[in-house]
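[1] Coordinates for the following, if possible.
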Amino acid sequence: MEQIQENTAVQAVVKAEADDISHNRNFFSYERDNYVRAGDTVLFYESIENFRKMVMRHGDKYQNTKGVIPHSDIIDKDKFGTRIFTTNKRSFAWVIKPNTHAYTKSLAQRTQILYTPDISQVLMRL
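    Below is the predicted model of the structure:
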């Protein structure tokens with residue numbers, strides 16, 4: 001009896017992980033209607049120096065020094081390119097669909113020194 005309960009608990013965890021993975025989307029899996037969906041990778045753009053990459057999930061929030069933007073206020077309600085205000089209306093951020101340039105700007109470290117052995121390894125795996 002104990003083993004059956006343990007197996008069903010393991011199966012529930014595996015199913016939850018599979019569901020979570022299936023909702024993660026890449027650059028090419030966005031819907032045509034342009035609405036932000038759960039699992040979408042979005043960029044919050046406040047200024048040229050402030051890009052932040054996040055995966056949209058119910059219950060999560062985007063927080064800056066001037067306020068909070070709950071993800072639940074955006075998911076299935078707003079489109080990419082929309083200006084979203086914080087809950088206290090003191091600040092806003094643009095919700096942007098990632099492209100290569102904006103995605104690179106959101107990374108903490110944008111450059112990498114590659115030496116000949118590293119480059120050869122990368123080229124062999126292409």
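[2] for the protein, what spans make up the strands?
    Here the chain has its strands, by DSSP state E, at 41-47, 50-55, 61-64, 67-70, 83-85, 92-96.
[3] how about those strands in CSV, adding distance to L107 and mean pLDDT?
    C-beta here means a position set from N, CA and C on the backbone, and glycine is covered the same way. Shown next, in CSV, are those (distance: least, CB to CB, whole Å; pLDDT from 0 to 100):
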stretch, distance to L107, mean pLDDT
strand 41-47, 11, 89
strand 50-55, 8, 88
strand 61-64, 17, 90
strand 67-70, 21, 93
strand 83-85, 22, 93
strand 92-96, 15, 92
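[4] what's the burial count for the residue nearest to Y35 when sequence neighbours are not counted?
    Once flanking residues are discounted, Y35 sits nearest to K79: 5.5 Å by CB to CB, 6 or more residues apart in numbering. By the measure other CB atoms under 10 Å, the count of residues near K79 is 12.
[5] what's the answer for T86, then?
    The local packing of T86 (other CB under 10 Å) involves 18 other residues.
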